[in-house]
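Trainee: Take a look and give me a structure for this.
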Amino acid sequence: QVQLVESGGGLVQPGGSLRLSCVADGGILNIDGMGWYRQAPGQQRELVATIRGGGITTYSDSVKGRFTISRDNAKNTVYLQMNSLKPEDTAVYYCKAEGVSYYSAGYRRYGSSYWGQGTQVTISS
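Mentor: This is a model prediction of the structure:
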């Protein structure tokens with residue numbers, strides 16, 4: 001069973017930094033793309049950043065220049081370095097993996113997408 005586990009959330013003051021991590025586990029063979037999304041109270045979940053094979057990245061306009069997504073393929077881990085944090089960055093941050101090939105019960109399997117459970121990020125003075 002493929003699982004994504006996020007960590008690194010917390011409470012920081014405006015202007016501060018946080019680094020989120022997300023580890024994919026469960027017989028992983030390959031992951032096409034990984035990304036971070038966030039959902040603030042009363043709002044829809046929105047894309048923050050994605051990274052695909054070859055290191056191609058995309059960012060939402062609201063975080064461009066402040067956040068950096070990176071990936072360690074050997075560890076099936078994606079990171080989100082968040083700098084110059086603002087109160088409007090407050091949200092639950094979710095990790096997503098797309099195009100996941102994995103071994104289960106002796107067979108190679110494929111899953112289109114998986115989500116982590118989320119980690120709370122709060123920016124407040």
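Trainee: all helices for the protein, in order.
Mentor: With DSSP state H, there are no helices along the chain.
Trainee: Can you list the buried residues in whichever strand in it runs longest?
Mentor: Taking DSSP state E as the criterion, the chain has its longest strand at strand 91-104. The neighbour-count check on strand 91-104 (16 or more other CB atoms under 10 Å) flags Ala91, Val92, Tyr93, Tyr94, Cys95, Lys96, Ala97, Val100, Tyr102 as buried. Where you see a C-beta, it was placed from the backbone N, CA and C, and this is true even at glycine.
Trainee: Trp36 is in contact with the first one, correct?
Mentor: The one in question is Ala91. No. Applying CB atoms under 8 Å as the test, Ala91 and Trp36 come out as separate, 10.4 Å apart.
Trainee: Please report phi then psi for the nearest residue in space to Gly16 that is not next to it in sequence.
Mentor: Distances taken as CB to CB, 6 or more residues apart in numbering place Leu85 nearest to Gly16, at 5.3 Å, with adjacent residues excluded. Note on Leu85: its backbone torsions stand at phi -70, psi 150 [degrees, to the nearest 10].
Trainee: So the residue lying farthest from the centre of the chain versus Asp25, what's the distance?
Mentor: No residue in the chain sits farther from the centre than Gly106, which is 28.6 Å out by CA atoms, centre = their mean. Relative to Asp25, Gly106 is positioned 18 Å away (CB to CB, to the nearest Å).
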